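Enquirer: build me a model from this:
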Amino acid sequence: MRAVIQRVKWSRVKVDGNVVGEIKKGLIILLGVSVDDNEENVRYLADKCVNLRIFNDSEGKMNLSVLDVSGEILSISQFTLYADTRKGRRPSFVGAADPIKGEKLYEKFNQYLSDTGLKIQTGIFGAMMEVELLNDGPVTIIVDSK
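Expert: Numbers count the residues shown, from 1 in each chain. The predicted structure is shown next:
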């Protein structure tokens, strides 16, 4: 699994012009699922995301997690994180999980996030989405479960 994590002041996702998920201060997580991923990868990545210390403490140091600041999370499925661009000009997505497996693991990931007690919002798996956000920092971290 691969996650692109951005610290945000706010974020929202729209499908067909309608807001389907919206958060205030917290994280937006773009999540890619690979053909090799399993539930162990889901647990690892969810734990890493909620405990990653990328929010500022009272001294301005990145020392606090989204849990510590009672932030919110917007989780968006994004199979294109497994694009292979080594050959030619058109990306290959053979490394991305098929939609059935991808959706199953994405839903498990969101459940692990929800189990923390944080407010979790999501996009719609497989839909064309418009994502808006106000980066805070900017802080962008890429985390792989492997």
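Enquirer: show the contacting residues for the most centrally placed residue in the chain.
Expert: For the chain, the residue sitting closest to the mean C-alpha position, by C-alpha atoms, centre = their mean, is residue 29 at 1.8 Å. Going by C-beta atoms under 8 Å, 6 or more residues apart in numbering, residue 29 touches 3, 4, 5, 49, 73, 74, 75, 76. C-betas here are computed from N, CA, C, even on glycine.
Enquirer: can you list which of those residues are found in helices?
Expert: residue 49 (DSSP state H).
Enquirer: format the contacts of residue 29 as a markdown table; extra columns: distance to residue 83 and pLDDT.
Expert: As requested, these are exported to a markdown table (distance: C-beta to C-beta, whole Å; pLDDT from 0 to 100):
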| residue | distance to residue 83 | pLDDT |
| --- | --- | --- |
| 3 | 15 | 98 |
| 4 | 12 | 98 |
| 5 | 18 | 98 |
| 49 | 21 | 98 |
| 73 | 24 | 98 |
| 74 | 22 | 98 |
| 75 | 20 | 98 |
| 76 | 16 | 98 |
